[in-house]
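Asks: quick one, fold the following:
(2 chains)
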Protein chains: 2
Amino acid sequence: MTRLAIIGLGLIGGSLARALRAAGQVSHIRAYDPDPRQGRTGLEQGVIDEFANSADAAASSADLVVMAVPVLHTAEAARALRPGLSKTAVLTDVGSTKVSVMADLTREFGELPPRFVAAHPIAGTEKSGVAASRGELFRGHRVVLTPHPQQDPDALATVEAMWSSVGARVVQMAPDCHDAIFAATSHLPHVLAYAFVDMLTHLPNADDIFSNAGGGFRDFTRIASSSPEMWHDIVRANRGEVAGLLERQIGELHELLDLMRSEDWPALKLRFARARAARERYLPHIE
Amino acid sequence: MTRLAIIGLGLIGGSLARALRAAGQVSHIRAYDPDPRQGRTGLEQGVIDEFANSADAAASSADLVVMAVPVLHTAEAARALRPGLSKTAVLTDVGSTKVSVMADLTREFGELPPRFVAAHPIAGTEKSGVAASRGELFRGHRVVLTPHPQQDPDALATVEAMWSSVGARVVQMAPDCHDAIFAATSHLPHVLAYAFVDMLTHLPNADDIFSNAGGGFRDFTRIASSSPEMWHDIVRANRGEVAGLLERQIGELHELLDLMRSEDWPALKLRFARARAARERYLPHIE
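Replies: Sure thing, here's the model as predicted:
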């Protein structure tokens, strides 16, 4: 039975703690978060057994240490927990970018620790904090692992087993492929959703607009309710990929605007139809 | 008890037929659609009592005639049903644009018929066709009426009562205000969602991207599965408003790209936070 440490007790850390407890995979869960309210909620709701005063205290005597912090806090979290980390412990993360996380770990440890496994669960909601956590969050979803050349196979197997035990499907990918793919499926959509809502707030009839929004609007903008801190970190950590795609998206929108201005309606309809066909073709794969 | 005619038996026409039948508001439902498969499905599923061979045959002897066609087919539908329309019948529509629909009716009838009531139910899904229709579609949703100066108050009351009977909340608005508001809440988001998916289809790693899409992507792009024909019509009918907002959105995205390129991360985070705050503030109003 595993002694688990969660560094960063939010939606993902809390959901993982709940899920591993429900799966009977852990004997003890200790957490650290800079916000003591997360600790209180976590203890009250039985998500964790113990709330530590520091990251290294949380990590000490743990077999498995999960960093569940905004990606730009990875280096700081790794540095803080390191004094408590036992030689045999497996260290992993849940960050939405993998190149930056692995670079941060390399910098902090001098090289990538063999028992560090980079991971990204493709699950979440627009909500934040341990109060929003739920044990079923990962069931049926993918988790991407991006192993590195120094990787200890036993540590990799441990993290793979951890995610499988909570109902996730584990896949492996190179870190740069991961970042290119998730810039497109996740990071850019968040930027576009935030940008759309922000643009509306500046319109003179903003009040009427928001008051008349319906279901299409609600779903299209759901991710604009996500944590600005967390998404700032992700976009910044993956800025090259995100900026490149944003530039392409601006280009596409210019083309659509030109089609409207020149009244080339068949071409506009063709774009709509092409997009719909692509989405419908891939829909069965979307989790 | 009302004899109802539905011109255009799709998601909205079918859902309204189901809802009015369930509410006990109609004695007979006759429909016309250029696609005979919609008629067969509608008869098989008991959505309608009779499928007519033409719009005017459907409208004849009806007390209430609802045009539920893509907005650019409004003029054609009005022209086709007119020979069957009785002097006492109330005519209404469900179009997502109101200025164009009222202009089309004016052109077809010489002036806006007093017993024509322009209406737009703020409800729908990305699905199309009568097979996707459901009687609960309008419950708890708004319906916007845009009355005109020649409006017969009795006809207005009939259409208001019809929508109330299926659980909708009826509000009134000027047609140009309607078109400006729904360009922002609905028409532009559809263009942005189509444009985003279309952009992705051109990337060399498109297959990997779509295969790794998660819940955020699914919701953000849901409306890109909507009917291209219908949304082509709406964007074209409301092109002035939609193009103006699209230009603003491009401007906003340029600003975000500049913030990324110049690494002004606090300013980027501020935009994200502002968008989130606006969405959260209005969320209780979103239907």
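
Asks: quickly note the distance from A:Phe109 to A:Ala78.
Replies: Between A:Phe109 and A:Ala78 the distance, using C-beta to C-beta, to the nearest Å, works out to 7 Å. (Glycine included, C-beta is placed from N, CA and C.)

Asks: those two: which has the busier surroundings?
Replies: Under the criterion of other C-beta atoms under 10 Å in any protein chain shown, the comparison of A:Phe109 against A:Ala78 puts A:Ala78 first, with 25 against 15.

Asks: contacting residues around that one?
Replies: A:Met67, A:Leu91, A:Asp104, A:Leu105, A:Glu108, A:Phe109 (C-beta atoms under 8 Å, 6 or more residues apart in numbering or on different chains).

Asks: also A:Phe182?
Replies: Residues in contact with A:Phe182 (C-beta under 8 Å, 6+ apart) are A:Ser96, A:Thr97, A:His120, A:Asn238, B:Asn212.

Asks: list the buried residues for the one helix or strand it maps to?
Replies: Element membership for A:Phe182 (DSSP states H and E) is helix A:175-182. For helix A:175-182, the neighbour count (16 or more other C-beta atoms under 10 Å in any protein chain shown) marks A:Pro175, A:His178, A:Asp179, A:Ala180, A:Ile181, A:Phe182 as buried.

Asks: how many other residues sit next to A:Pro153?
Replies: Counted with other C-beta under 10 Å, residues neighbouring A:Pro153 total 9.

Asks: A:Glu255 too?
Replies: 16.

Asks: repeat for A:Arg18
Replies: A:Arg18: 23 surrounding residues under other C-beta under 10 Å.

Asks: surely it meets A:Gly135?
Replies: Yes. Under the criterion of C-beta atoms under 8 Å, A:Arg18 makes contact with A:Gly135 at 3.5 Å.

Asks: could you check how far stretch A:217-231 is from the centre of its chain?
Replies: 13 Å (C-alpha atoms, centre = their mean, to the nearest Å).

Asks: for it, list the C-alpha coordinates in CSV.
Replies: Only the C-alpha atoms of stretch A:217-231 are listed here, as CSV (Å, rounded to 0.1, in the frame of the first residue of the first chain):
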residue,chain,number,x,y,z
PHE,A,217,-22.8,30.5,-26.0
ARG,A,218,-22.6,28.7,-22.6
ASP,A,219,-20.7,25.7,-24.1
PHE,A,220,-18.5,27.8,-26.4
THR,A,221,-17.4,29.9,-23.5
ARG,A,222,-17.3,27.3,-20.7
ILE,A,223,-13.5,27.2,-20.7
ALA,A,224,-13.4,31.0,-20.2
SER,A,225,-14.5,30.3,-16.6
SER,A,226,-11.2,28.4,-16.1
SER,A,227,-8.5,29.7,-13.7
PRO,A,228,-6.7,32.7,-15.3
GLU,A,229,-3.6,31.9,-13.2
MET,A,230,-3.4,28.3,-14.4
TRP,A,231,-4.0,29.2,-18.1
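
Asks: by neighbours, which of the contacts of A:Ala78 wins?
Replies: Of those, with other C-beta under 10 Å as the count, A:Met67 tops at 29 neighbours.

Asks: mind checking which of the contacts of A:Phe182 are in strands?
Replies: In this view, those that belong to strands under DSSP state E are A:His120.

Asks: got JSON lines for the contacts of A:Phe182, with distance to B:His202 and pLDDT too?
Replies: Output for the contacts of A:Phe182, formatted as JSON lines (distance: C-beta to C-beta, whole Å; pLDDT from 0 to 100):
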{"residue": "A:Ser96", "distance to B:His202": "24", "pLDDT": "96"}
{"residue": "A:Thr97", "distance to B:His202": "23", "pLDDT": "98"}
{"residue": "A:His120", "distance to B:His202": "25", "pLDDT": "98"}
{"residue": "A:Asn238", "distance to B:His202": "20", "pLDDT": "98"}
{"residue": "B:Asn212", "distance to B:His202": "17", "pLDDT": "91"}
